[in-house]
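> build me a model from this:
(4 chains)
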Protein chains: 2
Amino acid sequence: MATGTLTTERILEATEEMLRRHGAAKATVVDVARALGVSHGTVYRHFRTKAELREAVTKRWLDRTSQALSGIVSGTEEPEAKLRHWLAGLFAAKQHKAGDDPELFATYTVLTGENSGVVDRHIADLTGQLTAIIQEGVTRGEFTAPDPASTSRAVFDATNRFHDPAYAGEWSKPGIEPAFTAVVDLVLRGLRR
Amino acid sequence: MATGTLTTERILEATEEMLRRHGAAKATVVDVARALGVSHGTVYRHFRTKAELREAVTKRWLDRTSQALSGIVSGTEEPEAKLRHWLAGLFAAKQHKAGDDPELFATYTVLTGENSGVVDRHIADLTGQLTAIIQEGVTRGEFTAPDPASTSRAVFDATNRFHDPAYAGEWSKPGIEPAFTAVVDLVLRGLRR
DNA sequence: CAGATGACAGATATTGAAATCTGTCATCTG
DNA sequence: CAGATGACAGATTTCAATATCTGTCATCTG
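Numbering: from 1, shown residues only, chains lettered A, B, ... in the order given. Below you'll find the predicted structure:
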């Protein structure tokens, strides 16, 4: 299965595949090496430890969500619509990841649990996007926020139930949509001038 | 150790003691019976299963929190101060339970995880108290809330990070107090007329 | 000689036999 | 005879032996 040169990228792809196939607990470095047709020692030339390899995979996975949302931030909507869409987009993305392939989602939940540093940086990314939206709203005179950065963190925290994987089990229950809307409405009322 | 008659109450106390001593995983019905100086068969005359016994202990534990907060609801403060104090009281109570005896808190976190029905009823209790506060605010013309019940749930959800045991690890980190204040401020701005 | 290998030591996970626990119930006792 | 007991079957947990994995490194190969 040694197609082309062995790049970091190919190792990451193979690792994702093994995680998808075997789950977080049983995906081993030996498995990854076998899938790539190399010895496991070779994988260790690209990643110092298994933890580092898993961290890189986790980062890739989280970055896909950040990227999808960044389009909304740079869009041309009104700040309020933008904020609504961004929050709804984050919720919908998580809801789909959790609902479409629960096993894979559970796998990544384990990985994010192991890599709090990556998660913290991901959250910093997301709240950074939120800050940009809120800052724009303040500049346009539509939002009030003495400190957009801490307000964006408050908005992120207030909507926790709709993006933290710990609550994934509730995202498919009836009544979750109105609950989401109620929180977003409350938060938006709090932001308006 | 057979002091007095064997009441349901005494079994619950002994069970709490065993949970405190041995943790959720190792507290057995045999232990509880031994502590009470009776055979384990006797415990089963009071509780049909071990799960039922643990559920009763869990309920008692959660009810203590609800009771402590209910005093604030029936107090004489202004609605806004009342809501602030209630949310701060809930947060402080959880923070102390988690910080003062982390092992016992971990034990009860396992128990609440096992007894979602009890937890749901506990949450219904708490949001009921919140509804009373918000209703009072609406009646006095200080709050806006088309549907106080769903608004109270939104307030509860928005402050999740400060009362859900899943976040207990963050309650002792620096910066948690301002984060709490930021969310409460945002929520209160959203509630005001 | 840059990059890959695989044998190896120590750490971690798996497995299956033995020990303990849960829940029942026929029997006992005050 | 109301309430307690403890032997018992089946379920669950523990524990130690065994197998597998991680990470290193001296050696190999194109």
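> ok, the residue lying closest to residue A:140 once chain neighbours are set aside - how many residues close by?
Closest residue to residue A:140 apart from its sequence neighbours, by C-beta to C-beta, 6 or more residues apart in numbering or on different chains: residue A:79 at 6.1 Å. Backbone N, C-alpha and C define where each C-beta goes, glycine included. By the criterion of other C-beta atoms under 10 Å in any protein chain shown, residue A:79 has 19 neighbours.
> distance of residue A:79 relative to residue B:182?
With distances taken as C-beta to C-beta, to the nearest Å, residue A:79 is found 19 Å from residue B:182.
> so the residue nearest to the spatial centre of chain A versus residue A:102, what's the distance?
By C-alpha atoms, centre = their mean, chain A has its centre lying nearest to residue A:62, at 3.7 Å. Distance, residue A:62 to residue A:102, by C-beta to C-beta: 18 Å.
> check whether the helix or strand hosting residue A:185 comes near chain B.
Under the criterion DSSP states H and E, the helix or strand holding residue A:185 is helix A:176-191. Yes: contact between helix A:176-191 and chain B, assessed by C-beta under 8 Å from any C-beta of the partner chain, occurs at A:178-179, A:182-183, A:185-191.
> and that helix with helix B:176-191, angle?
With axes from the mean of the first three to the mean of the last three C-alpha atoms, to 10 degrees applied, the angle from helix A:176-191 to helix B:176-191 works out at 90 degrees.
> and the residues of helix A:176-191 next to chain B as CSV, adding neighbour count and pLDDT?
Output for those, formatted as CSV (neighbours: other C-beta atoms under 10 Å in any protein chain shown; pLDDT from 0 to 100):
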residue, neighbour count, pLDDT
A:178, 13, 98
A:179, 18, 98
A:182, 19, 98
A:183, 27, 98
A:185, 16, 98
A:186, 23, 98
A:187, 25, 98
A:188, 17, 98
A:189, 15, 97
A:190, 24, 97
A:191, 23, 98
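> didn't the residue nearest to residue A:140 look like it was pressed against residue A:136?
Yes: the pair residue A:79 / residue A:136 is scored as a contact, 5.1 Å apart, by C-beta atoms under 8 Å.
> which residues touch the residue nearest to residue A:140?
Listed by C-beta atoms under 8 Å, 6 or more residues apart in numbering or on different chains, the contact set of residue A:79 reads A:133-134, A:136-137, A:140, A:142-143.
> ramachandran angles for the residue lying farthest from the centre of chain A?
Within chain A, the residue lying farthest from the chain centre (C-alpha atoms, centre = their mean) is residue A:39, at 31.9 Å. Note on residue A:39: its backbone torsions stand at phi -90, psi 160 [degrees, to the nearest 10].
> likewise residue A:37?
phi 70, psi 30.
> from chain B, how far off is it?
Counting by C-beta to the nearest C-beta, to the nearest Å, the gap from residue A:37 to chain B is 42 Å.
> neighbours of that residue, just the number please.
Residue A:37 has 12 nearby residues by other C-beta under 10 Å.
> just the one 4 residues further on next, same as before
Residue A:41 is flanked by 9 other residues according to other C-beta under 10 Å.
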